[in-house]
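K.L.:
Got a predicted structure plus its sequence, pasted below:
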Amino acid sequence: MSKFELYNVVLKDISNETRMFEYDLDNIYFKKIDSPEIQKGNVKAKVSVQRKLSTYELHFTLEGSVIIPCDRCLDDMVQPIHYKEKLQVKFGDSFSEEDEIVIVPEAEGAINIAWFLYEFIVLNIPMKHVHATGECNKTMVTKLKKHITRQKDDDDDEDSSAVEFDDDDDFTPDETQTDPRWDGLQNITENN
């Protein structure tokens, strides 16, 4: 028995009615998926399947939350998930994805949606995921401030990476910081 057998949707059994499927995507589900982005969560998935002539239309509604690491302090944070998606499926000779249509082998007559559910959740996570202002690990924020801010008079020749912080970040540098490599270029305009 496959570890994702529960997520098989047998399309051949669906005629003209709309079928509803509900799934609880919990820590066990995320552990089975075995992907590094999300390890824990609790998401309710509702999937409605409707036959439309030669295709099947699957409508996904995902509600819940997942636990992911904060990009700033690396502590776990709760990321809400609210997502709706539609998927077109039709029968063919072998499994493939063409544009917005998924083709499944007619001999099997079913589609396993476990990975699609996971992809839709990942698509709902913003590129930058950080705690709300003031909720980051204070120790980590202090260490980041110490290592990221550079004083104008630093003579350190190491390559410094530019790090962007939004206005709502917990970082408030004491002085306006500049990259020492650009300071030399200012003299060019001042001497001309």
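P.N.:
Yep, that arrived. Numbering: from 1, shown residues only.
K.L.:
From here on, just use CA atoms for contacts and neighbour counts.
P.N.:
Will do.
K.L.:
Neighbouring strands - and their directions - for the helix or strand hosting residue 42?
P.N.:
In the assignment (DSSP states H and E), residue 42 maps to strand 40-52. Paired with strand 40-52 in the same sheet, following DSSP bridges, are strand 18-25 (antiparallel), strand 55-69 (antiparallel).
K.L.:
Show me the strands in this protein, by range?
P.N.:
Applying DSSP state E to the chain gives strands spanning 8-10, 18-25, 40-52, 55-69, 76-92, 96-98, 101-105, 110-112.
K.L.:
Nearest approach to residue 148 belongs to which of these?
P.N.:
Smallest distance to residue 148 across the strands of the chain (C-alpha to C-alpha): 20.1 Å, for strand 55-69.
K.L.:
can you pull the buried residues of the closest one?
P.N.:
Buried residues in strand 55-69, counted by 16 or more other C-alpha atoms under 10 Å: 55-62, 64-69.
K.L.:
Same list, the residues you listed, but as a markdown table with pLDDT and distance to residue 114 please.
P.N.:
Listed next are the buried residues of strand 55-69 as a markdown table, based on pLDDT from 0 to 100; distance: C-alpha to C-alpha, whole Å:
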| residue | pLDDT | distance to residue 114 |
| --- | --- | --- |
| 55 | 89 | 20 |
| 56 | 92 | 17 |
| 57 | 93 | 16 |
| 58 | 94 | 13 |
| 59 | 95 | 14 |
| 60 | 96 | 12 |
| 61 | 96 | 14 |
| 62 | 97 | 13 |
| 64 | 96 | 16 |
| 65 | 95 | 17 |
| 66 | 95 | 16 |
| 67 | 94 | 19 |
| 68 | 93 | 19 |
| 69 | 92 | 23 |
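K.L.:
what residues are up against residue 115?
P.N.:
By C-alpha atoms under 8 Å, 6 or more residues apart in numbering, residue 115 lies in contact with residue 33.
K.L.:
likewise residue 125?
P.N.:
Per C-alpha under 8 Å, 6+ apart, neighbours of residue 125: 79, 81.
K.L.:
Give me the distance between it and residue 182.
P.N.:
Distance, residue 125 to residue 182, using C-alpha to C-alpha, to the nearest Å: 36 Å.
K.L.:
Repeat that for residue 46.
P.N.:
Going from residue 46 to residue 182 by C-alpha to C-alpha gives 55 Å.
K.L.:
now do residue 130
P.N.:
Counting by C-alpha to C-alpha - residue 130 and residue 182 are separated by 30 Å.
K.L.:
of these two, who's got more company?
P.N.:
Taking neighbours as other C-alpha atoms under 10 Å, residue 130 and residue 182 compare with residue 130 leading, 22 against 9.
K.L.:
which non-adjacent residue is nearest the more buried one?
P.N.:
Excluding its sequence neighbours, the residue lying closest to residue 130 (C-alpha to C-alpha, 6 or more residues apart in numbering) is residue 70, at 4.7 Å.
K.L.:
Which segments of the chain make up each domain?
P.N.:
Each domain of the chain is listed here as a residue range: 5-123, 138-191, per automatic domain parsing.
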